[in-house]
Structures are given as C-alpha cells and as structure tokens.
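K.L.:
I'll drop the sequence and a predicted model, then ask my questions.
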Amino acid sequence: MARMKLVLVGNGMAGMRTLEELLKAAPDHYDIEVFGDEPHPNYNRIMLSPVLAGEQTVEQIVLNSREWYAANGITLHTGKKIVKIDRKNRCVEADDGHGGKIRADYDRLLLATGSKPFILPVPGADLPGVVGFRDIADVDAMIHAASQYKHAVVIGGGLLGLEAANGLKLRGMEVSVVHLGDWLLERQLDEPAARLLQQNLEAKGLNFLLRKQTEELVRGESGRVCAVKFKDGESVPADLVVMAVGIRPNTELAESAGLHCHRGLVVNDTMQTFDPRIYAVGECVSHRGIAYGLVAPLFEQAKVCANHLAEHGVARYQGSMTSTKLKVTGIDLFSAGDFTGAPGTESLVYSDAATGSYKKLVIKDNKLVGACIYGDTLDGAWYFDLLREGTDIAQFRKTLLFGQHHLGDSGHGPAERVAALPDSAEICGCNGVCKGDIVKAIRANKLFTLDEVRAHTKASASCGSCTGLVEAVLAHTVGGDYSAAPSKKPLCKCTEHSHDEIIAAIRDQALKSMPAVFAALDWSTPDGCASCRPAVNYYLLARWPAEYKDDAQSRYINERAHGNIQKDGSFSVVPRMWGGLTNPKELRAIADVAEKFNVPEVKVTGGQRIDLFGVKKTDLPAMWKDLSDAGFVSGHAYGKALRTVKTCVGSQWCRFGTQDSTGLGVKLERMTWGSWTPHKYKMAVSGCPRNCAEATIKDFGIVCVESGYELHVGGNGGIKVRVTDLLCRVETEEQVMEYCGAYTQLYREEAHYLERTAPWVERVGLAHIKAKVVDDAAGRAELHERFKFSQQFAQIDPWKERADGGSAHEFQPIRITA
Amino acid sequence: MNDWIEIAKIDDIPRQGSRVVELDHDDRVNRIAVFRTASDDIYAVRDKCPHRGGPLSEGIVHGGQVTCPLHNWKIDLATGEAVLPDKGCARTYATKVEDGQVFLKLA
Ligand code: SRM
Ligand SMILES: Cc1cc2nc3c(=O)[nH]c(=O)nc-3n(C[C@H](O)[C@H](O)[C@H](O)COP(=O)(O)OP(=O)(O)OC[C@H]3O[C@@H](n4cnc5c(N)ncnc54)[C@H](O)[C@@H]3O)c2cc1C
Ligand code: SF4
Ligand code: FES
C-alpha cells in the first residue's frame, strides 16, 4: 500500500511536536515533507531569551537536528517559504529563495505557521535598527547592535519585552522600556506585584517609561533609527528599537487559500480546519475563539492533532488553562487564572516589601480561581493544580497562602535552593537521581515536561514527593513553565479518559469486563498496560463485587501471589493478628512455621504483627496451609487492601482508658478484613486522647473519649504526613461500625486507584464526605450495606484457597533436568 | 543441546501470564520465563531483568511486553530489549507451539 503524503508548513515548535507525536503513534503512516522559511532546523524558540542574555548558544537550543529529520525519513526544506496552497489539486508551492519554485503534493496538510510580532503602525517603523523579537535573525540583529551601539529602547512591558530588555542590558546596552499601561505585565500581574518587579529590574539597571505612547521612530543621519518620540512631546535616544507589543497569528497563507480565519485560523476540537484535509496547530490557530501564545497548550494541540493524523480518531482538544513565568535569571514570578479580584471573589494577600515577596490568591466559592506570585514561586505549580482541578480549599484555607509544604510536603524548598544545588545533590531519593542527571537528561534529550523527565530519569516516578523539586530543576534548566499538564489527566497512555470518566462509564454503561471497558472507551492498546489494567480491574471489582471475576493477570505480583515480593525475588509472609492481639498458641504456630521453612528473618512490624521474611515462592502454599490450620488468615500486608487495625491497651487495663479500644479494633478488623481498596487502607483505635495507637495519622482513626468516639479521617503516615480531619463524634460502637463501613465504601467507590484517603479527602473536600457519611443518614446506611454486601465475596482467605490447591501454576516452576 | 525441549501444554501457561522453567545443570539452575500473551504468542526470556535482576516472570504482561515487578522497566518479549528510555537486554530463547504443546530451544 502506498503511504499517504503529509506536508508540514512551518518548521517550528508546534508543528514539529505534532510530527514527533505522530511518529510515536503511527511511524509508517506517511511520507513526510517539512517546509520552513527560516534557514535553521527546528529550535526552541523560548530559549531565544537566554541566548540573547548570553546564557545559552544557538547550538544548544536546536531541538531536532538535520540528522534527526534524515533518520526519521523526513524531507526538510529550510529557507523555503510556502506561498500558495492549491487545495483543488492538493499541492503547495514554495519559493526557493532564488526565484524558483518547489511544489509538493499532499494527502494531508498541516499548517503551523506561528505568529508574527505586531509592529506599531507609526512613522519610522520600517527603519533599519527596528526589530521584533521572534526568531534567530532578530536575536542576531540585537546582538550585533549591542556590539556597536549604546541606546536600546524596548517598546512593550510584557514578558517578551522584559526578557529582551534584560538580555540587551546584559549585553552592555543602556535600555529603556516603554510601556503604555499603568504597570508592567498588566495581563500577568496586579499592581503591587508589578511594582516589586519594576524595583527589582531597576536595581538591575533598566529604565522604565510608563504611560508613554509612541508617536514616531525618528530617522538619524545614517538612515538608521536614532530616537523614539512620544505623544507628550518627549523623546529618548535609540540606536535599536525592539517592538514587543504583541503577536498576531500568522494566517496570511491560510487566508490566501480561502480557509476560514477569525483572529487566527479556525479549527475544531480535532485541530481540523474547514478543509478536512488540512489541519493546523500552534499560535496561528484560533480554537473556540482563543489563540494561545505559550507552548504548553500548543503541545496539547499537537498531541490531539497527531492522534487524528494517525487516524486513531479518539482525542479531542478542549482548550487549556495557562500560567506564566518570566525567564529573567534571579526574578521569579508566576501567575495563573483571574487574579484581578472580580466581584464575588475574595483575596488572600501576603506582602513583604523588605524581602520582595508578594502573593495574591483569589478565591471564589471555596475554590482557587487566580494566583499571582512574586518572589518565592515554587508553589506555583501546586496552586495551578488546585486551580485546574477546582479543588475545594475550605479545609486548608488558613494555610493556603503559605504553600504546599505547610500541608506537610517534604519535597519543597525555595526555588533559589534548587538553582544553587550542586549537580551531585540527590533530588529523588527513591531512584537515587541527582540534580546533574536530570539536567543532563533534559539537555541531551530535549525534555519539556515532567512526564518526559520521569520516563528518562525515573526522578519523581516513584513516591512523587520530590515532584516539586524536579519541576523546579526543569523550570530552571529550560526556562518557562512547560510542565503544565492537560486540564484533564488521562489514566495512562492507553486512554484519553480520566479516572472519573472510567469509573462513571463502568457504572452508567454497566460495563462488567475489562474488554468491555477497553472497547467502550476506545483504548489505544489491545490489552492495556501495567498501569491501567490493575486500576480497571479494581474499578470493576469495586462496582460489581458479585459478578465481576477478579483478573489475576491484571494484578501486581504481590496481590497475585499474596505475599510481598522482596528484592531477591523471595516473598514475605504476614499473618493477620486481629487488632494486634495474639496468644501463646498463635505465637507457637508462627515459631513452628518459621523453623520448618527455614525462614531467615522474623520481625515485629510497625503494624503490630509479625513478618516472616525471605520465603521461597514455592514454599508459600505449604506454609500458608500450616498457618491456616492454626487459625490464621492473610494479613494482606502486600495489598491495596485493608492492612492493619492498630489498637492500644484501652479501658481493659490502662488507667486512662475510656473505652475498650482493643475490643473495638478487633471488631472493626473482623468487619473490614479482605476488602480491596484503591490504595492501602489503615485504621487504628486509641483508648483516650493520649492516642497511643496513632489514630490521627490513619485512613480511618478512632479516638475514644468519655462520652463516646471521635472519628477521624484522611490521615497518612509515610511519605507525606497528614494529620486526620475530624469527621464527627458518635456515641456507640454500633455507630462506629456503621460510619466506618460507610466511609470505607465511599472511598472504595469514589477515589482514584492508587489514591490514598489523604489526597482523596483533599481533592474532594471534607464537606463532601461529611454530606454523604454524616448528614445523610439514609445514604450512610446504604453505603454501609453496599460495603457489607461486597465483603461477602471478599472475605475468602486467599491463603487457604491456595493452600487447598488454587492457582497452583503460580507457585510451581516447570523443572527440566539437563 | 540443539534440540527442542517439550516444556508444557499451552494451557498450562496462563494467558497474559507466565511459567518459570528451571533447568537443572550440574552446578547451577538457570531460570527461564515462558510468557503467553493475550493473543497467545509464546516467548521465552531469561528470568532476570537487565536492570537489577528482577524476576520478569512475576511481571504484568501487556501487548508484547512485560513490566518488571521491581522497578517497572518494560521489556520487549520478542527481543528481550528494555523499552526506551531504559537500556538493557535480557537473553531470549526460541519457542514453538505444535498441537498445543510448547517447545523451547536452548542454543
Ligand atoms: C513490614 C513493614 C515495615 C516493618 O518492618 O515494620 C512495612 C514494609 C513495607 N512498606 Fe510500609 N511497612 C510497614 C508499616 C508502615 C507504616 C506504619 C503503620 O502502618 O503504622 C507506614 C506509615 C503509615 C501509613 O501508611 O500511613 C508505612 C508506609 C509505607 C509507604 C508510604 C505510604 C504513603 O502513603 O505515604 C509505602 C509505599 C507505598 O505504599 O507506596 C510503604 C511500602 C512498604 C513496602 C510494601 C514496600 C514495597 O512495596 O515492597 C515494604 C515491604 C517490605 C517487605 O519487603 O516486605 N510503606 N509502612 C510494616 C508492615 C506493617 C504491617 O504489619 O503490615
Ligand atoms: C523570545 C521568546 C520567548 C518565549 N518564551 C516563552 C516561554 O517562556 N514559555 C512559553 O510557553 N512560550 C514562550 N514563547 C512562545 C513560544 O515560543 C511560541 O508559543 C511557540 O514557539 C509557537 O510555536 P508555533 O509552532 O506555533 O510557531 P513557531 O515556533 O513560530 O513556528 C512557526 C514557523 O513557521 C514558519 N513559517 C511561517 N510561515 C511559513 C510559510 N509560509 N512557509 C514556511 N514556513 C513558514 C516560521 O518561520 C516559523 O519557523 C516565547 C517566544 C519568544 C519569541
Ligand atoms: S520497609 Fe518501608 S521504610 Fe523500610 S526500606 Fe522498605 S519501604 Fe522503605
Ligand atoms: S530489576 Fe527489573 S526494573 Fe529493576
């Protein structure tokens, strides 16, 4: 079959990203030809600012070398401008730069022509010495001017203008920034933050002329520009004028071909123009009326577009929320959303002129709708997440302004600290990745996003607590904010759908098997991957406990073999000890088993029970049989399941005990053992507020008091410690049991797979949980009933099943003697 | 040892799963993981992850790959190569299926 022909017009960031995504999705689908009117292979336009500032070189910012194009079988034409699209005959025509023409036929055409700097229509705008700030040629012109002339004027106090001004200053010019507005970066900052920024830049030697309207660029004797004249009659000397007053989508070519344009080339949610054979991405595009000017949304467009070019036909682009940062070394600012404080909103403001820090958060209906930060911006990514996810912040409103580390994240510190760290500093403790490794990977592989850094270095790919640091290294190494993920997070690379959409589809469309889910939701892989299969298996199990047959092959080995895999491939065995209670008979049985199977190590765990380490997989069923005969069941120490119910001594013995905490713990464990949960689930009961069972860092914790029981939820020890929230107080043990069942079931039904209760509570908000578990008595009873129903199928001891011969193949190797 | 060794019936290997074949030599035991994919292709790979020696036989099988249970490297079953960006290779062995019987070739 002959391959289809794809032509890309515009060898820039969005177009080339689309091709990279396309090659990943469908490597052999097209013969590809690329036309770019710049003489260079694709480079990282964003890094022109550091190039201008002398912090990077043009070679360092090349994204796809000519060798890359060749290796991927792509024909590249540089310095060739496409001047005509012949839609009828499906071909394009380029100017070869020497008066000749080149033609290329297409089956699909991709337009990614970017945008053009807007040039003020004032007299003198076309004089030598007047440039935009868009491409390598502009930067070359600026660097050249800086080596010969003294006075530079930048018109426009936006991000681009300030970065140009900073670079020119570093190149030794006297720089004035002319700005029409009342303060700098009006679209990114409010006035107080902008004043701080201005002070900071003035300290670096920049000069600002605010509220100035340019009237004319004055021609000097040499024919080159020599001054800028304003409406108020004043003027300033200028040997170089940089126009940075905005950009306009470059739609000239599209318009000449009769494609519908309105503030950009109009596309639908699949990035298709009005001509179905022609797609478009990038700054030239207008999607739902918006033309984006930052790469994060453009890269999302690229991904969707590639999906359709590959004829997978499932992705849709639904618009993006963007955030901005300024790439001037030593200055940190971040803004996102609407921070102007419109009616109906509330503002939280922190301002300290002495240290140059300013933070403004705008809240509406208990949700963050805007953020503007100057100074320490490391929490920017976190605020941006809260904003996009629409998280209910009522519970941590008091500390919101102080950032994520005040919620107990261990990974964060000031941004400067990241910049100052030596290359040998360990960033990711889980995978032993140093700062130098990350920086090297980002440079060598041209990484843009957190996901890419994770894939290449494994940094933050495990526990995730260093995510903030990795993002800081990324931002520091590549500049702007690339890590912004799409507004919707797909479960994994096999699907476009989010956890919530999958949970809803399983429920609403009564999907009862994994193939049914994959078919109904257009999975891109035939049988999923190691991320989505366990998740979908859990969702099906949680929704259809009676009907769905658990799929062992979609379980992580620990849950498939019912033990915890060790680094040497052996397993650990932890029998359940109800509420941490034991007796001589049980201890004797454990001792016997340990001796009989030569268990190398026996240890008391942090969860009040005994762990037998280093057991050979082949011995597991026989060992379980002995334990089962002695009355033990699996402790599920390996599972996303109910783990332990820790208890303290309580009123039976302790002089302070107010209730029978041990007895209640045992009852709770008997009710809940065996249940599968989105992530591991731990409980504890303390007999009094001295809280010896540490109930306030458990997923569900009970603190006994004279008048009854305090129920606490959403606690977490471990990586990121979170203290529980008080759910409510109840009076009887029966109530404790019912609330416990209901809360557990709500978590089982609503949380995302691998989301513990702590992040779940933060995501959905305590108010939501109270409404369902505390305020709605009927709803609570139903949740509790559903929990008990599913327990009928869950409380079958997996160890006994296997001791009796179940899944024998799992444990027996095939032995061949040579 | 150029011969095909008969190891199991295809149905002894769970679909999307594996079995371990232990070869007793005089001095050491060689473990080979024999995988059966969702589409019933059979592959044999040395049961030792090129990363830190994890038992690949315990991994989750998806498409023509297995994800190592220890640190999530993905290994291509046909070639034994780690999927980029990870780099490394596990030894593979030829297999064939005749009349529902799986054979393995060691050399
Ligand atoms: C055995 C035990 C350590 C011990 O010797 O005491 C243990 C061992 C492991 N823990 Fe733990 N944790 C043990 C108590 C704890 C506790 C203390 C507790 O439960 O009171 C915590 C903090 C409390 C909490 O979870 O909130 C704890 C927080 C973690 C975490 C971090 C969880 C988090 O949400 O931040 C992990 C990582 C994970 O689950 O992803 C983890 C993961 C692990 C794993 C399963 C790592 C793994 O995936 O292989 C360890 C298995 C070791 C092995 O080779 O078998 N373990 N782990 C404890 C078993 C208790 C039990 O009887 O079941
Ligand atoms: C100095 C600077 C700093 C920036 N900093 C940031 C930042 O920190 N963060 C951020 O997110 N974004 C930043 N941006 C914006 C970002 O670079 C753009 O959003 C992105 O490059 C747009 O990609 P694109 O593919 O749409 O356009 P481009 O990258 O401009 O690519 C379009 C290409 O098409 C070519 N072309 C146009 N017409 C034709 C034709 N008819 N024939 C052949 N070729 C043609 C152009 O020459 C150009 O090479 C910055 C931009 C600049 C200039
Ligand atoms: S037992 Fe827990 S704390 Fe100890 S090494 Fe393993 S995961 Fe880390
Ligand atoms: S041993 Fe296989 S991924 Fe580490």
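P.N.:
Right, received. Where do you want to start? This one's a predicted model, so the numbers in the text were calculated from it and none came from an experiment. Ligands and ions are numbered 1, 2, ... in the order given.
K.L.:
what sits up against stretch A:118-130?
P.N.:
Residues from elsewhere that reach stretch A:118-130 (CB atoms under 8 Å, 6 or more residues apart in numbering or on different chains): A:132, A:145, A:149, A:155, A:214-219, A:223-225, A:238-241, A:243, A:245-248. Heads up, the C-betas are built off the backbone N, CA and C, glycines and all.
K.L.:
beta partners for A:Ala227?
P.N.:
The partner list for A:Ala227 in beta bridges (DSSP bridges) reads A:Val218, A:Pro237.
K.L.:
wait, doesn't it sit right on A:Ser235?
P.N.:
Yes - A:Ala227 is within contact range of A:Ser235, at 4.9 Å (criterion: CB atoms under 8 Å).
K.L.:
those two - which one has more neighbours?
P.N.:
The residue with more neighbours, out of A:Ala227 and A:Ser235, is A:Ala227; 18 against 15, by other CB atoms under 10 Å in any protein chain shown.
K.L.:
spit out the contact partners of A:Val92.
P.N.:
So A:Val92 contacts A:7, A:9, A:35, A:82, A:84-86, A:103-104, A:106, A:109 (CB under 8 Å, 6+ apart).
K.L.:
for chain B, what lies in contact range of ligand 4?
P.N.:
B:49, B:51-54, B:68, B:70-73 (CB under 6 Å from any ligand atom).
K.L.:
which helix or strand lies directly C-terminal to the host helix or strand of A:Val178?
P.N.:
Secondary structure from DSSP states H and E places A:Val178 in strand A:174-179. Per DSSP H and E, strand A:174-179 leads on to helix A:191-203 as the next helix or strand towards the C-terminus.
K.L.:
for the closest residue to A:Lys80 other than its chain neighbours, phi and psi?
P.N.:
Using CB to CB, 6 or more residues apart in numbering or on different chains and skipping residues adjacent in sequence, the residue nearest A:Lys80 is A:Ala94, 4.3 Å away. According to degrees, to the nearest 10, the main-chain angles of A:Ala94 amount to phi -110, psi 150.
K.L.:
ok, now B:Leu56?
P.N.:
B:Leu56 adopts backbone torsions of phi -60, psi -30, taken as degrees, to the nearest 10.
K.L.:
chain B: strands as residue ranges?
P.N.:
Secondary structure of chain B (DSSP state E): strands at B:4-9, B:17-24, B:29-36, B:42-46, B:60-62, B:65-67, B:74-76, B:92-98, B:101-105.
K.L.:
among the ones you listed, which is nearest A:Phe700?
P.N.:
Among those, strand B:60-62 comes nearest to A:Phe700, with 29.7 Å by CB to CB.
K.L.:
now what about stretch A:771-781, what contacts it?
P.N.:
A:727-728, A:738-739, A:742-743, A:746, A:783.
K.L.:
please repeat the previous calculation with a cut-off of 6 Å.
P.N.:
Identification of contacts with stretch A:771-781 by CB atoms under 6 Å, 6 or more residues apart in numbering or on different chains yields A:728, A:742-743, A:746.
K.L.:
now do A:Glu706, the pLDDT please.
P.N.:
The per-residue pLDDT reported for A:Glu706 equals 91.
K.L.:
so how far is A:Gln659 from it?
P.N.:
Relative to A:Gln659, A:Glu706 is positioned 9 Å away (criterion: CB to CB, to the nearest Å).
K.L.:
just for chain B, where's the confidence low?
P.N.:
B:1-2, B:26-29, B:107 (pLDDT under 70).
K.L.:
minimum distance to ligand 1, which residue of it gives it?
P.N.:
Among the residues of chain B, B:Leu70 lies closest to ligand 1, at 9.1 Å counting by CB to the nearest ligand atom.
K.L.:
measure that residue to A:Asn564 for me?
P.N.:
B:Leu70 is 12 Å from A:Asn564, where distance means CB to CB.
K.L.:
go on, A:Val774?
P.N.:
Noted for A:Val774: a distance of 36 Å to A:Asn564, by CB to CB.
K.L.:
hmm, which helix or strand of chain A has the shakiest average pLDDT?
P.N.:
The least trusted helix or strand in chain A, going by mean pLDDT, DSSP states H and E, turns out to be helix A:415-420, with a mean of 63.
K.L.:
and chain B, which residues reach chain A?
P.N.:
B:7-8, B:16-17, B:19-25, B:38, B:55, B:58, B:60, B:62-63, B:67, B:69, B:85 (CB under 6 Å from any CB of the partner chain).
K.L.:
from the residues you listed, list the buried ones, please.
P.N.:
Buried subset of the residues of chain B next to chain A (neighbour count, 16 or more other CB atoms under 10 Å in any protein chain shown): B:7-8, B:16-17, B:19-23, B:38, B:55, B:58, B:60, B:62-63, B:67, B:69.
K.L.:
which of the strands of chain B is buried the deepest?
P.N.:
Mean neighbours per residue, mean count of other CB atoms under 10 Å in any protein chain shown, is largest over the strands of chain B for strand B:60-62, with a mean of 25.
K.L.:
got the angle for the helix or strand where A:Asp138 lies vs strand A:174-179?
P.N.:
Under the criterion of DSSP H and E, A:Asp138 resides in helix A:136-148. Between helix A:136-148 and strand A:174-179, the angle comes out at 130 degrees (axes from the mean of the first three to the mean of the last three CA atoms, to 10 degrees).
K.L.:
elements contacting helix A:136-148?
P.N.:
helix A:48-52 (3 or more CB pairs under 6 Å, 6 or more residues apart in numbering or on different chains; DSSP states H and E).
K.L.:
residue of chain B with the smallest distance to ligand 2?
P.N.:
For chain B, CB to the nearest ligand atom, closest residue to ligand 2: B:Pro85, 24.0 Å.
K.L.:
tell me the phi and psi of the closest residue to that residue other than its chain neighbours?
P.N.:
Among residues not flanking B:Pro85 along the chain, A:His456 sits closest, at 4.5 Å (CB to CB, 6+ apart). Per-residue torsions, A:His456: phi -80, psi -30 (degrees, to the nearest 10).
K.L.:
ok, and the closest non-adjacent residue to A:Ile143?
P.N.:
Leaving aside its chain neighbours, A:Ile143 sits nearest to A:Arg171 (6.6 Å; criterion: CB to CB, 6+ apart).
K.L.:
residues near the one you found, how many?
P.N.:
A:Arg171, neighbours per other CB under 10 Å, totals 17.
K.L.:
touching, it and A:Ser147? I think so.
P.N.:
No - the pair A:Arg171 / A:Ser147 is not scored as a contact, 7.8 Å apart, by CB atoms under 6 Å.
K.L.:
quick one: contacts for A:Lys359?
P.N.:
A:350, A:373.
K.L.:
roughly how far apart are it and A:Arg187?
P.N.:
A:Lys359 is 18 Å from A:Arg187, by CB to CB.
K.L.:
what is the residue nearest to A:Lys80 paired to in the beta sheet?
P.N.:
Beta bridges link A:Ala94 to A:Ile82, A:Ile102, judged by DSSP bridges.
K.L.:
quick check: A:Gly741 touching A:His784?
P.N.:
Yes - contact status for A:Gly741 versus A:His784: in contact at 3.9 Å, counting by CB under 6 Å.
K.L.:
what about the strands in the stretch 601-750 of chain A?
P.N.:
If DSSP state E, counting those that start in this stretch is used as the criterion, the strands of the stretch 601-750 of chain A fall at A:601-604, A:610-615, A:642-647, A:681-686, A:700-705, A:708-713, A:725-730.
K.L.:
between the ones you listed, which one is nearest to B:Thr92?
P.N.:
Comparing the strands of the stretch 601-750 of chain A against B:Thr92 with CB to CB, the closest turns out to be strand A:610-615 (29.7 Å).
K.L.:
and the contacts of the closest one?
P.N.:
Identification of contacts with strand A:610-615 by CB under 6 Å, 6+ apart yields A:570-574, A:590, A:594, A:599-603, A:605.
K.L.:
ok, is it in contact with ligand 1 or not?
P.N.:
Yes - using CB under 6 Å from any ligand atom, strand A:610-615 reaches ligand 1 at A:Asp611.
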